[in-house]
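In: with the sequence up front, the predicted model follows.
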Amino acid sequence: MYEAGLQIELSDPIPFPLVPLLYAIAMKTLCIETRNGVGTITLSRAAEYNTITPELRDELAAAIDQADADHGVHVILLRADGPAFCAGYGLDWSTRAQSGEPARGRVWDSVADYGMISQFVNVYMKLWYARKPTIAAVQGWCIGGGTDMVLCADLIIAGESASFGYPPSRVWGTPTTAMWVYRMGLERAKRYLLTGDEIPAPEAARIGLILEAVPDGELDARATGLAERMAQVPVNQLQMLKLLCNHTAENMGLASSRLVGSLFDGIARHTQEGLDFLARAQQAGFRQAVRERDDPFGDYGSGPRSKNSAKPRAGKGAGAKNGKRK
């Protein structure tokens, strides 16, 4: 099937017989499995609450591409191990990256920043632009950069104890993939983005941010069951129907919204308030900086649900764009 010593780069086309072998060897932040027409991608940085890193970004891109190209896959299911689906970007590496900007001897370059964040945004958008339907199964925190990612999936099912939100809208960020208005309408998007408030999964389902909230113990079965039911439809039908739906949002201006969201994200990190947040994170630690941001609102890691549960405190595990850095 393959020759000993054969070397393949993740950027190269991969012969299908080698796909399981390659994933078993190469993937460090996720794993992939194909069964009953469903290609399941599982984020596996459970101890770090599946926070986003450049390595996870690159491996997720490769996994989505290969599942989309696999003739045995009709539907792509994205899930995660551990107590959180994705608590955003890792604030440790992302705050270090921005704090090192002055040492480069140049003023902040908005175009270079847009290029940097686009490396992440383009990967999340693979869930949207994949030819095949994508379903996300969400447990625990899915906030900040985690929402930038998951809202690009075609359908989202969450456990009842899951929480969504974009706390970096309070300081240090804007949604880069800009899916909020397209999912739940103008008024409700403004309601949650202008406060950064936490959204429990049942409320997220009621307002249309996600498809449904189900009992936590039924999440995997419900998401897998829907994916396998969908996988019985011919893949060409699935592709046409997905394009039909998605082009409605595209014609409403999704691409331009994404451009503005990505540019504003960089600007928000370089306002006076954004720089003050970064300085506080360097002085007291990013967890303390996030705590001070969210305490007045009493949610995420500063809220009663977090204090009475196993969810991580806002920071590396919750509430920071906890997403790239929040």
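Out: Structure's in. What do you need?

In: okay, CA-based contacts and neighbour counts for the rest of this
Out: OK.

In: so where do the strands sit in the stretch 51-200 of the chain?
Out: Assigned by DSSP state E, counting those that start in this stretch, the strands in the stretch 51-200 of the chain fall at 75-80, 134-138, 141-143, 155-159, 163-165, 199-200.

In: residues touching the nearest residue to T195 once chain neighbours are set aside, list them.
Out: The spatially closest residue to T195, leaving aside those adjacent along the chain, is R170, at 6.7 Å (Cα to Cα, 6 or more residues apart in numbering). R170 is in contact with 194-196, 293, counting by Cα atoms under 8 Å, 6 or more residues apart in numbering.

In: swap in L151?
Out: For L151, the contact set (Cα under 8 Å, 6+ apart) comprises 179-180.

In: and the helices in this protein, which stretches?
Out: Secondary structure of the chain (DSSP state H): helices at 19-26, 54-69, 91-99, 110-129, 145-150, 180-184, 186-193, 201-206, 219-230, 235-251, 254-268, 272-284, 286-294, 304-307.

In: out of those helices, which one sits most buried?
Out: helix 145-150 (a mean of 30; mean count of other Cα atoms under 10 Å).

In: same question for stretch 193-211, mean pLDDT?
Out: Averaging pLDDT along stretch 193-211 gives 98.

In: same check, this time on stretch 151-161
Out: Rounded mean pLDDT across stretch 151-161 is 98.

In: nearest to G159, out of the helices of the chain?
Out: Of all the helices of the chain, helix 219-230 sits nearest to G159, with 5.6 Å by Cα to Cα.

In: who's in contact with the closest one?
Out: Contacts of helix 219-230 (Cα under 8 Å, 6+ apart): 36-38, 74-77, 135-138, 157-159, 214.

In: so where's the stretch 101-250 of the chain uncertain?
Out: Within the stretch 101-250 of the chain, the segments meeting pLDDT under 70 span 101-102.

In: can you do 80?
Out: Along the stretch 101-250 of the chain, the model assigns pLDDT under 80 to residues 101-105.
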